[in-house]
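Chemist: Sequence and predicted structure are below.
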Amino acid sequence: MSISDAAPLRSRQIIIAGGGIAGLTAALAFAARGFPVRLFERAPALHEFGAGLQLSPNATRLLARLGVLDALRPVSVRPEAVVLRRADSLREIARVPLGSDAEARWKAPYFVLHRADLHGALLAQARRVPDIEITTGATVRDAAFHPMGVTASIDVDGAVREVGGRLLVGADGVWSSLRALAGSGESHFVGRNAWRATIRTDGVAYAALEGFADRNLVTTFLHSQAHMVAYPIRAGSAINLVAFTRGKAMERNWSERRTPDALLSALRGADGRLLRMIRESGQWTAWPIHTVDPTTQWTLPQGLALIGDAAHAMTPFAAQGAASAIEDAYVLAQNVAAQPDAIAIALQRYEAARRARVISVARRGRLNEFAWHASGPVAVARDLFLKARGPKRLAADLDWLYGWEPDGE
């Protein structure tokens, strides 16, 4: 069965596949520039997987422009610093000031929060915009490109709907089905798995490490075989724990429940208080870390653009996954609005504007991964270097990352 919904000649309509953080941000960014948007999400209801995320100033700056930031303030925490500690002794190695210092330095706040709270704020804002239409239970199966733009074939409850528009945006995540249209390869497993759990700040798990994972800090515990990050979410009522270990690839599933045995084994030799907190946290959720080569093609000149993890999924070691998706969405809309009748040029400029930065962010993640899992003399040298550099210079090292703004704005 085919339901025709083809757009007229010279349509400005934007079709977005994926209703996560990348897709909703793109919908808002395009609608703000006068483009009607049709967003299709394969899940029967819009929701966000995962628990916590970090939103650095390069992301919150753009969310403010899209009218979303104020809704995040009541559910977020503005941490005072990022602190690095050794897992074996809990000794502090380094501290990067955030809080009011971050806002003064980078002109936007640094927030930590639950992914669902960011997703909910984006969705609420999108539903207030008349030019954004959202359809759930709908999967973009294929697309045909022609002089008028693109016609997407969308499966909605077994019926194939053909929807026309000027541009198809693939925001369907690391395991994107639209990546093949751009001629890009599949994601690949990087040899590490991620673990997450959430604990309440009034519970026994938090009490085991109180004073070393404060509710106003982002704390990273470093170990040669693994590392763990702890930071507050839900306005400080809970702590998000996320850890990373080496291992064989797990299923491509964001919600596999596991006991923390493998995590405890990887952190052998860590301080007993840290291990006790992990044990007291109960079951954990685990998933494999996949990345996408950022040098592959993200666009088709006829009218396809990939954003976020669909284009360049990266490891989480620079805490920039959500921020990079938000940047992509904003810059894509900016370039298409500047060249609405020359979509090939707009897409070329989008890809050129984003690629070098994404590669730099991924490189920073690899550097962090190396440093955080150092052992022996290398770990000693790391600790001495970070101590000598000091908080202010460590913050300055992040100016290129957190102080970024789109060209022309």
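Modeler: Received the coordinates, thanks.
Chemist: can you tell me how far residue 163 sits from residue 135?
Modeler: 9 Å (C-beta to C-beta, to the nearest Å). For every residue, glycine as well, the C-beta is placed using N, CA and C.
Chemist: Tell me which of these two has more neighbours.
Modeler: Remark: of residue 163 and residue 135, residue 163 carries more neighbours, 24 against 14, as counted by other C-beta atoms under 10 Å.
Chemist: My read is that the more buried one contacts residue 17, right?
Modeler: No - Residue 163 is beyond contact range of residue 17, at 10.6 Å (criterion: C-beta atoms under 8 Å).
Chemist: any residues in contact with both of these two?
Modeler: 40, 152 (C-beta atoms under 8 Å, 6 or more residues apart in numbering).
Chemist: mind listing what residue 80 touches?
Modeler: Residue 80 sits in contact with 97-99, 216-217, where contact means C-beta under 8 Å, 6+ apart.
Chemist: And those, which of them are buried?
Modeler: 97-98, 217 (16 or more other C-beta atoms under 10 Å).
Chemist: what about residue 137, neighbour count?
Modeler: 13.
Chemist: Check it and give its pLDDT.
Modeler: Listed pLDDT for residue 137 reads 94.
Chemist: which residue packs closest to it, ignoring adjacent ones?
Modeler: Once flanking residues are discounted, residue 137 sits nearest to residue 44: 4.7 Å by C-beta to C-beta, 6 or more residues apart in numbering.
Chemist: now do residue 406
Modeler: residue 331 (5.4 Å).
Chemist: helix or strand for that neighbour, which one?
Modeler: Assigned by DSSP states H and E, residue 331 belongs to helix 321-338.
Chemist: What is the subsequent helix or strand relative to that helix?
Modeler: Beyond helix 321-338 toward the C-terminal end (DSSP H and E), the next one is helix 343-372.
Chemist: quick one on the thing from earlier: what's the farthest-apart pair in the contacts of residue 80?
Modeler: 97 and 216 (12.2 Å; C-beta to C-beta).
Chemist: Quick one: end-to-end length of stretch 152-169, please.
Modeler: From its first residue to its last, stretch 152-169 covers 11 Å (C-alpha to C-alpha, to the nearest Å).
Chemist: thinking again about what came up before, what touches both of residue 163 and residue 135?
Modeler: Joint contacts of residue 163 and residue 135 (C-beta under 8 Å, 6+ apart) are 38, 40, 154.
Chemist: hang on, residue 296 packs against residue 188?
Modeler: No - Residue 296 is beyond contact range of residue 188, at 11.4 Å (criterion: C-beta under 8 Å).
Chemist: center of this structure - which residue?
Modeler: Most central in the chain under C-alpha atoms, centre = their mean is residue 322, positioned 2.2 Å from the mean C-alpha point.
Chemist: so what's that one up against?
Modeler: Counting by C-beta under 8 Å, 6+ apart, residue 322 touches 21, 53-55, 59, 115, 118.
Chemist: If you rank those residues by neighbours, which is first?
Modeler: residue 59 (28 neighbours).
Chemist: Give me the nearest residue to it, chain neighbours excluded.
Modeler: Nearest residue to residue 59, sequence neighbours excluded (C-beta to C-beta, 6+ apart): residue 323, at 3.7 Å.
Chemist: mind listing what's buried in the host helix or strand of residue 139?
Modeler: Remark: residue 139 resides in strand 138-146, with elements defined by DSSP H and E. The neighbour-count check on strand 138-146 (16+ other C-beta under 10 Å) flags 138, 140, 143 as buried.
Chemist: bridging residues for the last one?
Modeler: Spelled out, that is residue 143. Here residue 143 sits in beta bridges with residue 152, going by DSSP bridges.
Chemist: so how far is residue 373 from it?
Modeler: Using C-beta to C-beta, we find residue 143 at a distance of 41 Å from residue 373.
Chemist: And the first one, by the same measure?
Modeler: Here the distance between residue 138 and residue 373 works out to 42 Å (C-beta to C-beta).
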